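Colleague: how does the following fold in three dimensions:
(chains A, B and C)
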Amino acid sequence: MKRHINVELNSESSLRLPAKFFQQEALALAPQLLGKVLVRAFSDGKILRQKVTELEVYYGEEDLACHASKGRTLRTEVMYAPGGLVYVYLIYGMYWMLNIVTGPKEHPQAILIRGLEEVSGPGRVGKFLQLDKSFNGEDLSKSQRLWLEDAPTIPSSAITATPRIGIDYAQHCKEYLWRFLWLPDK
DNA sequence: GTAAGGATTGGC
DNA sequence: CCAATCCTTACT
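Modeller: Presented below is the predicted three-dimensional model:
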């Protein structure tokens, strides 16, 4: 008798993090997101899996470094959606930045994925995952090409917080310790 | 319509 | 140090 051994198929894995996980407030979610597995599946069957090692929080219209500080525009609209969607935008005309929208509806906030196990730098992350404009608004709880899977929580002793990178214009907000790094050997 | 500048990177 | 490269925004 034939048995059902292929219960856990790629994108249908029970490990996939649900929308609810991403609907926590960004600053509470950030340390939990470190160590989670980012998965990118291609139409030819190839799959990339990398743990998240570095990220930054962009929180609310009051945060001068957050794109939502410019108000609600076509570009920032996705950040006003409930957590679990992806915010992708082009910077310096060449790099696609991967952000995860967090928090409840109408509370603009997102987490920028700056580094993976074998990929350093947010521009390189986008290139590695072959992201483009079509990923903006992608639903991580349903997508067949990009999602996150659960993994053990990183102990706080292995997490370092620093100011965010490249936001010198953000006045007092540039001092916030909203960049989080997972340093496994610390 | 037009111009300025950016959540970056790599090369000189 | 600075060019690459183009989208979004804020002006006129």
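
Colleague: so how far is A:Trp182 from the closest residue to DNA strand C within chain A?
Modeller: Proximity to DNA strand C, evaluated over chain A using C-beta to the nearest atom of the strand, is greatest for A:Gly93 at 2.5 Å. Glycine gets a C-beta too; all of them are placed from N, C-alpha and C. Distance from A:Gly93 to A:Trp182, counting by C-beta to C-beta, to the nearest Å: 30 Å.

Colleague: list the contacts of the residue nearest to A:Cys173 when sequence neighbours are not counted.
Modeller: The shortest distance from A:Cys173 to any non-neighbouring residue, by C-beta to C-beta, 6 or more residues apart in numbering, is to A:Leu64 (4.4 Å). A:Leu64 makes contact with A:Ile167, A:Tyr169, A:Ala170, A:Gln171, A:His172, A:Cys173, according to C-beta atoms under 8 Å, 6 or more residues apart in numbering.

Colleague: and the residues you listed, which are buried?
Modeller: A:Ile167, A:Ala170, A:Cys173 (16 or more other C-beta atoms under 10 Å).

Colleague: spatially nearest residue to the most centrally placed residue in chain A, not counting backbone neighbours?
Modeller: Geometric centre of chain A, nearest residue: A:Ile100, 3.7 Å, by C-alpha atoms, centre = their mean. Residue nearest to A:Ile100 in three dimensions, not counting chain neighbours: A:Ile111, with 4.9 Å by C-beta to C-beta, 6+ apart.

Colleague: quick one: secondary structure of the one you found?
Modeller: What DSSP: H, G, I helix; E, B strand; the rest coil gives for A:Ile111 is strand.

Colleague: would you mind measuring from it to A:Leu85?
Modeller: According to C-beta to C-beta, A:Ile111 and A:Leu85 sit 12 Å apart.
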